[in-house]
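Novice: Provided below are the primary sequence and the corresponding predicted coordinates.
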Amino acid sequence: MTSILKQHMPDPYKRVARSVGYALLLGHADAWHGLSVIATARLTLKERAAMSWALLRSLPRDNVVDVASAVLPDQTGTPIPPLFNAMDDASHWAANANSEELEAYCLASFNRMAPHRQRAFLDFVQGRVAA
């Protein structure tokens, strides 16, 4: 089975797999940085996002936050681009945002909507009972 997979695996995937092994073996920051450079060159954004998602899921929650903070130090308090689904990511971000951030992004998002989408949004929220 392994040889069949190896025969059909695209060359960029083989290169990334070898680079993961090298980074693990060397274990220093330069090796891990090199892996991110190779992944950027050889994998699509969707492939890198899926790989990141899978690896982050293997960490305890506190470590996920630490890793994300290290990667995005200037992004504190702002939504990141969606990984899979914009609504799921927005809901996740909103669950962790403070009230000031919620209000600011809500208003800014509303103001950027096309007029017909603003009307539809207002019809939707005015039809709901406030919690």
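Specialist: Alright, I've got the coordinates.
Novice: Mind pulling the model confidence for Gly27?
Specialist: Per-residue pLDDT puts Gly27 at 88.
Novice: how much space is there between it and Arg57?
Specialist: To Arg57, Gly27 is 22 Å away according to CB to CB, to the nearest Å. C-beta coordinates here come from the backbone N, C-alpha and C atoms, glycine included.
Novice: now Arg42
Specialist: For Arg42, the distance to Arg57 equals 22 Å [CB to CB].
Novice: Just after the strand or helix carrying Ser109, pick out the following helix or strand.
Specialist: Element membership of Ser109, judged by DSSP states H and E, is helix 99-112. Later in the chain than helix 99-112, the nearest helix or strand by DSSP H and E is helix 115-126.
Novice: next one: that next one to chain centre, how far?
Specialist: 28 Å (CA atoms, centre = their mean, to the nearest Å).
Novice: Please export the C-alpha coordinates of that helix as PDB.
Specialist: This file holds the C-alpha atoms of helix 115-126, laid out as PDB (Å, rounded to 0.1, in the frame of the first residue of the first chain):
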ATOM      1  CA  PRO A 115     -28.300  48.900   1.100                       C
ATOM      2  CA  HIS A 116     -30.500  45.900   0.200                       C
ATOM      3  CA  ARG A 117     -28.500  43.700   2.600                       C
ATOM      4  CA  GLN A 118     -28.800  46.300   5.400                       C
ATOM      5  CA  ARG A 119     -32.600  46.200   4.900                       C
ATOM      6  CA  ALA A 120     -32.600  42.400   5.000                       C
ATOM      7  CA  PHE A 121     -30.400  42.500   8.100                       C
ATOM      8  CA  LEU A 122     -32.700  45.000   9.900                       C
ATOM      9  CA  ASP A 123     -35.800  42.900   9.000                       C
ATOM     10  CA  PHE A 124     -34.100  39.900  10.500                       C
ATOM     11  CA  VAL A 125     -32.900  41.400  13.700                       C
ATOM     12  CA  GLN A 126     -36.100  43.400  14.300                       C
END
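Novice: Alright, that wraps it up for me.
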